[in-house]
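Engineer: I'd like to go over a predicted model; first the sequence, then the structure.
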Amino acid sequence: MLNPDGVYLGNYRCSLMGFDLNRHWLDPSPWAHPTLHGVKQLIIQMYNDPKTSLEFYIDIHAHSTMMNGFMYGNIFEDEERFQRQAIFPKLLCQNAEDFSYSSTSFNRDAVKAGTGRRFLGGLLDHTSYCYTLEVSFYSYIISGTTAAVPYTEEAYMKLGRNVARTFLDYYRLNSMVEKVAIPMPRLRCKDLGCRRHTREKFHLGSSSGANLQGH
């Protein structure tokens, strides 16, 4: 919680001093934006620590106009990095009925340059993924239906649990991909009983990162 004073007053976007904190990541002031300044320094310290692997940054916000939960991600020139960035929200969509992958977008709008997602996406290397998780103030629509389901405290908590489950799925998938990348020892025909030897492979699909195919 980076905006405790503003939230205490009933604000959902601005701090006690009237700053939109998610527009000041480029150069946060220790006086005007103390929470941002402190967290930014901590993240940079973690990133520069060779003993720490900083893999995910997720900013969590409420959205005042759109339905469901969805994510914003970054755009990269590296095609593989862009594809891998799409895996986590795609997995989350499979776990959470209120999360919309179709509403998820990847951009680098100039107006968002001061957000944590944009700043850290440019600072951290290709092993790190930065997102904004947006969740509607109001309701969500389950795929295949038209009725809006109002969000409750329990529904928000459930989405949080599904995010945690998605991390589990992501690292399970990641470990499988890494195992495939390990060179397999050459086996002789007699070791295999002259049977065809196959192994599981995973293939990343289109630039949207939406396709994961097992062969």
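Structural biologist: Yep, that arrived. Here the structure is a predicted model, which means the values were calculated and not measured.
Engineer: and the closest residue to residue 162 other than its chain neighbours, how many residues sit next to it?
Structural biologist: If the residues on either side of it in the chain are set aside, residue 162 comes closest to residue 96, at 3.9 Å by C-beta to C-beta, 6 or more residues apart in numbering. (Each C-beta comes from the backbone N, C-alpha and C, glycine too.) When neighbours are counted by other C-beta atoms under 10 Å, residue 96 registers 20.
Engineer: Contacts only, for residue 96.
Structural biologist: By C-beta atoms under 8 Å, 6 or more residues apart in numbering, residue 96 lies in contact with 69, 158, 159, 162, 163, 166.
Engineer: Touching, the first one and residue 98? I think so.
Structural biologist: This means residue 69. Yes: Residue 69 lies in contact with residue 98 (C-beta atoms under 8 Å); the separation is 5.6 Å.
Engineer: Find residues that contact each of these two.
Structural biologist: What both residue 69 and residue 98 touch, as defined by C-beta under 8 Å, 6+ apart, is the set 140, 159.
Engineer: Measure how far whichever helix in the chain runs longest is from the centre of its chain, please.
Structural biologist: In the chain, with assignment by DSSP state H, the single longest helix is helix 153-181. Put simply, helix 153-181 sits 11 Å off its chain's centre (C-alpha atoms, centre = their mean, to the nearest Å).
Engineer: Report the buried residues of it.
Structural biologist: Neighbour-count burial for helix 153-181, counted by 16 or more other C-beta atoms under 10 Å, picks out 155, 159, 162, 163, 166, 170.
Engineer: Tell me how many other residues crowd the closest residue to the fourth one other than its chain neighbours.
Structural biologist: What it means is residue 163. Leaving out its chain neighbours, the residue that sits closest to residue 163 by C-beta to C-beta, 6+ apart is residue 92, at 6.5 Å. Applying other C-beta under 10 Å, we find 25 residues neighbouring residue 92.
Engineer: rewinding a little: taking the contacts of residue 96 together, which two end up most distant?
Structural biologist: 158 and 166 (12.7 Å; C-beta to C-beta).
Engineer: what about residue 132, distance to residue 17?
Structural biologist: 22 Å (C-beta to C-beta, to the nearest Å).
Engineer: likewise residue 92?
Structural biologist: Using C-beta to C-beta, one obtains 34 Å as the distance from residue 92 to residue 17.
Engineer: what's the answer for residue 55, then?
Structural biologist: For residue 55 relative to residue 17 (C-beta to C-beta), the value is 33 Å.
Engineer: Where does the residue lying closest to residue 142 once chain neighbours are set aside sit: helix, strand or coil?
Structural biologist: Leaving aside its sequence neighbours, residue 142 sits nearest to residue 97 (C-beta to C-beta, 6+ apart; 5.2 Å). Three-state call for residue 97 (DSSP: H, G, I helix; E, B strand; the rest coil): coil.
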